[in-house]
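Asker: Turn this into a model:
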Amino acid sequence: MSWHEVPRRLQIRYLHAAAITAAQLARLVGELEQDSGDRSALKLMLRRFQGLAAWAGLHGLSAISVAAQLGEHDCATLAGGGVVPQPAHIEQIRTLIHVLRQQIYRQRTTGGISEEILWARPAPQEPATAAPATPRPPYRALAVGLGEVDWQQLERLLLEQGFALQAVETCREAGRAFAGGLPEAVIAAADLPDGSGPLLTHYLRSLDRGDDPVVVIVGGGAAASPAGAPPPAEPGTGCDADARFSAPLDWAAVARSLAALRQRRQDAPGILYMASDDDEAAGLGALLRGAGYRVRRCRDPHRFAREVLTCEPELVLIDLPPAAASGELVRWLRGDPRCAGLPVILLTAEEDGEVPAAAGIGSGLAERAAKPVEPRSLLAQVAARIEHHRALGRLFADAGRRSPKVAMAAPAASA
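Answerer: Okay, here's the model as predicted:
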């Protein structure tokens, strides 16, 4: 390696680390949006912006440095003045992060030689109502081990469906990308240098909020199929993925499938699944997702309250020994007016005779589903409880419209 190649290689290494940092910033701004008083998230964002600005300047990446400096200034102003971030502040920081990710992605895809585009920031005195609406940043799609494909075509097809493309080659590299923030979608080759698409999917589903991304497995790194009817997506993948495409591949169909699956995931009824056993949770989570539900897995009972309030489920499913622990969660749900009406199903074995008394089964607080789980029976029970909950909501909403003087409260779950 000649001496003049060293700066370029260092720049490429910086851009890889910067992409991870930008993903962390996107996650932190989401946490700040959920809890505007989270000073630790704000201070961590400040440090991340400072690091990006300093190193981008050293590597001659002025657009990245300027955007990071603006983010650093905004976070320092909020943190130093003790100001509680307002929605306008958070949206401004989110826009900065979006610009950062665009610039980092542009430089990475061109090997660090792309001409930078410095963007003009709106004047601070401009009224918020007069500012043009900021387009929603694209979702992030992580491609793993696709091999020799037409990357320009794939990037264009994904952007048309609202996804920005990031590419890695191995399971190990994908794991590092996940550590920087989970993408909204994953396209994984069936065969990877250090594993497989199903294995990577299983690992992703084991992570915190790992049930959220849409995962599509493709039959290796084959190129797009020629003109003609491509094979349809196969929903029964035999693993935790959402769909699978066999060769020959039509990348336009893959991109459309990602967008449709993502939209379906957003529109699907949400289930919060509290479970401590990873093996059982993986199987049941796949069953529920296959039936069209959006599943959020929670492992730690101490995070249960936060997960309920942030993911807004339509049903809570608990598989958590001992019985006293399950009963405590149920009692908390019924005592909080924000989620008192949520239907709750407890998964219990026949020998757990103390569960009904401890968790309130039979008194209207929760229902019981027997283990081992019979899939059709459980899916029927889940569907019935969600539909019953929705019907109660419509009934109370209709009653409120007819009689606005009546104070409405969350309907309690019925047995």
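
Asker: just the strands in the stretch 201-350 of the chain please.
Answerer: For the stretch 201-350 of the chain, the strands defined by DSSP state E, counting those that start in this stretch occupy 214-218, 243-245, 270-275, 294-298, 315-319, 344-349.

Asker: confidence score at the nearest residue to residue 210 once chain neighbours are set aside?
Answerer: The shortest distance from residue 210 to any residue other than its chain neighbours is 4.8 Å, reached at residue 204 (Cβ to Cβ, 6 or more residues apart in numbering). Placement of C-beta: from N, CA and C, glycine included. With respect to pLDDT, residue 204 scores 87.

Asker: Make 515 the first number, not 1, from now on.
Answerer: I'll keep to 515 as the first residue from here, and by that count the last item is residue 718.

Asker: count of residues packed around residue 718?
Answerer: By the measure other Cβ atoms under 10 Å, the count of residues near residue 718 is 24.

Asker: same question, residue 529
Answerer: 22.

Asker: after the helix or strand of the chain with the lowest mean pLDDT comes which helix or strand?
Answerer: The least trusted helix or strand in the chain, going by mean pLDDT, DSSP states H and E, turns out to be helix 869-873, with a mean of 49. Counting by DSSP states H and E, the next helix or strand C-terminal to helix 869-873 is strand 881-885.

Asker: Which positions in that following strand come out as buried?
Answerer: Across strand 881-885, burial judged by 16 or more other Cβ atoms under 10 Å covers 881-883, 885.

Asker: same check, this time on stretch 535-552
Answerer: 535-543, 545-547, 550.

Asker: And the helices in the stretch 815-929 of the chain?
Answerer: 818-825, 837-849, 869-873, 889-916 (DSSP state H, counting those that start in this stretch).

Asker: rank the ones you listed by pLDDT, which is bottom?
Answerer: Among the helices of the stretch 815-929 of the chain, helix 869-873 scores lowest, at a mean of 49.

Asker: As a markdown table, the buried residues of strand 881-885 with pLDDT would be great.
Answerer: Output for these, formatted as a markdown table (pLDDT from 0 to 100):
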| residue | pLDDT |
| --- | --- |
| 881 | 84 |
| 882 | 85 |
| 883 | 86 |
| 885 | 83 |
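
Asker: re the thing from before, export the helices of the stretch 815-929 of the chain as TSV, with columns for mean neighbour count and distance to residue 806.
Answerer: Shown next, in TSV, are the helices of the stretch 815-929 of the chain (neighbours: other Cβ atoms under 10 Å; distance: least, Cβ to Cβ, whole Å):
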stretch	mean neighbour count	distance to residue 806
helix 818-825	17	17
helix 837-849	18	24
helix 869-873	19	27
helix 889-916	14	10
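
Asker: which one of those helices lies closest to residue 790?
Answerer: helix 837-849 (9.1 Å; Cβ to Cβ).

Asker: what angle sits between the closest one and strand 829-833?
Answerer: 170 degrees (axes from the mean of the first three to the mean of the last three Cα atoms, to 10 degrees).

Asker: So, low pLDDT: which residues of the chain?
Answerer: For the chain, the stretches flagged by pLDDT under 70 are 515-522, 624-651, 734-753, 836-838, 864-879, 910-929.

Asker: middle-most residue in it, spatially?
Answerer: Taking Cα atoms, centre = their mean, the centroid of the chain lies closest to residue 726, which sits 4.4 Å from it.

Asker: For the nearest residue to it once chain neighbours are set aside, give me phi and psi.
Answerer: Using Cβ to Cβ, 6+ apart and skipping residues adjacent in sequence, the residue nearest residue 726 is residue 696, 6.5 Å away. In terms of degrees, to the nearest 10, the main-chain angles of residue 696 are phi -70, psi 140.
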